[in-house]
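Asker: from the sequence below, what's the structure:
(3 chains)
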Amino acid sequence: MEQTDDFAHQVYAIIAAIPEGKVTTYGTIARLAGLPTYVRQVCAVLRGIPSDSILPCHRIINGQGKITVTGETYQRHKKALLKEGVVFNKNDKIDFKVFGWNYPY
DNA sequence: CACCTGACCATCG
DNA sequence: CCGATGGCCAGGT
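Answerer: Model (predicted):
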């Protein structure tokens, strides 16, 4: 429970640091954690986060500006985002130029 | 060690 | 805009 979990720890910290009403992507998180190739691992970490977590995992979306999950999780995240003032386009997309916490490029 | 999986990403048609 | 394809790479079996 050290170096290997260190990455997950950073991911948690980064997620917790996302401001309200903003969103970010998996790739960005991986990069901020210092491991740009760990984008799939970010996914694994998020998957391990229960809905009860204090972490705003609903602010994590993919590079297309869409919620990456489906089903109930999708609905819950979308509602939470709307509550925070995030606006979805007609294609259920989020404008990164407005709500992107930090631009992926 | 080999194979499969994945809440991704970029590119192409 | 949507779907398919390839690339990426750690983890699990």
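Asker: which SS class is the nearest residue to residue A:36 once chain neighbours are set aside?
Answerer: Leaving aside its sequence neighbours, residue A:36 sits nearest to residue A:30 (CB to CB, 6 or more residues apart in numbering; 5.4 Å). All C-beta spots, glycine's among them, are computed from the backbone N, C-alpha and C. Under the three-state scheme (DSSP: H, G, I helix; E, B strand; the rest coil), residue A:30 adopts helix.
Asker: so who does residue A:30 touch?
Answerer: Going by CB atoms under 8 Å, 6 or more residues apart in numbering, residue A:30 touches A:36, A:37, A:38, A:39, A:41, A:42.
Asker: now do residue A:24
Answerer: The neighbours of residue A:24, taking CB under 8 Å, 6+ apart as the test, are A:14, A:18, A:59, A:60, A:61, A:100, A:101, A:102.
Asker: stretch A:13-32: end-to-end distance?
Answerer: 10 Å (CA to CA, to the nearest Å).
Asker: for stretch A:50-62, same thing?
Answerer: 19 Å.
Asker: same check, this time on stretch A:53-64
Answerer: Start-to-end, stretch A:53-64 (CA to CA) is 25 Å.
Asker: surely residue A:32 is in contact with residue A:15?
Answerer: No: with contact defined as CB atoms under 8 Å, residue A:32 does not count as touching residue A:15 (10.1 Å).
Asker: who has more neighbours out of those two?
Answerer: residue A:15 (21 against 17; other CB atoms under 10 Å).
Asker: hmm, the helix or strand containing the more buried one touching DNA strand B?
Answerer: Secondary-structure assignment from DSSP states H and E places residue A:15 in helix A:3-16. No: between helix A:3-16 and DNA strand B, judged by CB under 7 Å from any atom of the strand, nothing touches; the nearest distance is 10.1 Å.
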